[in-house]
Each structure stands twice: as C-alpha cells, then as structure tokens.
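K.L.:
For reference, the sequence and a predicted model appear below.
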Amino acid sequence: MPIHPTTDRDRLEPCERCGDDTPHEVRIEIRTESTKRENAQFSREPYRIATCVVCGSESVLRMNNA
Ligand SMILES: [Zn+2]
C-alpha cells in the first residue's frame, strides 16, 4: 500500500482539546507490537500520528483497520 509523504504542517484537522480545526503535524510511524510472549511474531503496524501544533495533543490512528 502506498504511503504518501505527509510533510505539510498546515493540515487542518479537528482537535478535541482545542474544540476546533487546528493545524496538525502529521507523521507516519511504524510501531512494533508484541502480542504474546509465546508467539514470537511481532506485528508491525503503521500508525498515523497527528500532533496539534496549538496544544501539542496527539491523535494516533491505526492505519490497518482490518
Ligand atoms: Zn489542539
């Protein structure tokens, strides 16, 4: 699946804390999740993290919505 580079810092998204649409800094992060110890498999999930530049609140969105 293609991951679009999101480097624009002026992306307006709703912020719960601000209660308004605010500029957000968006980045994509691959986070490794270990589910169970016995299961030696780690799932690496891409997360989309939008940080409100006004209040610094982060909203994390899991990109794999299976
Ligand atoms: Zn905010």
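P.N.:
Structure received.
K.L.:
Residue numbers of this protein in contact with the ion?
P.N.:
With Cβ under 5 Å from the ion as the criterion, the chain comes near the ion at residues 15, 17, 18, 22, 52, 54, 55, 57. Placement of C-beta: from N, CA and C, glycine included.
K.L.:
for the last one, phi and psi?
P.N.:
When you say that, I think you mean residue 57. With angles defined as degrees, to the nearest 10, residue 57 sits at phi -70, psi 140.
K.L.:
Leaving out the residues flanking it, which one is nearest to it?
P.N.:
In this structure, residue 57 finds its nearest non-sequential neighbour in residue 17, 4.6 Å apart by Cβ to Cβ, 6 or more residues apart in numbering.
K.L.:
For that neighbour, list the residues it contacts.
P.N.:
52, 55, 57 (Cβ atoms under 8 Å, 6 or more residues apart in numbering).
K.L.:
what pLDDT does the first one get?
P.N.:
The predicted structure scores residue 52 at 95 on the pLDDT scale.
K.L.:
If we ignore the residues flanking it in sequence, what's nearest it?
P.N.:
Using Cβ to Cβ, 6+ apart, the nearest residue to residue 52 is residue 15, at 4.4 Å.
K.L.:
Please apply the same query to the second one.
P.N.:
With Cβ to Cβ, 6+ apart as the measure, residue 17 is the residue that lies nearest to residue 55, at 5.0 Å, once sequence neighbours are left out.
K.L.:
ok, now residue 50?
P.N.:
Per Cβ to Cβ, 6+ apart, closest to residue 50 is residue 24, 4.3 Å.
K.L.:
what about that neighbour, how many neighbours?
P.N.:
24 (other Cβ atoms under 10 Å).
K.L.:
and if you look at the one 4 residues further on?
P.N.:
Neighbourhood size, residue 28 [other Cβ under 10 Å]: 13.
K.L.:
Residue 60 too?
P.N.:
Other residues within reach of residue 60, judged by other Cβ under 10 Å, total 11.
K.L.:
mind checking which helix or strand it is in?
P.N.:
Here residue 60, judged by DSSP states H and E, is contained in strand 58-62.
K.L.:
what packs against that strand?
P.N.:
For strand 58-62, the elements it packs on are strand 42-52, judged by 3 or more Cβ pairs under 8 Å, 6 or more residues apart in numbering; DSSP states H and E.
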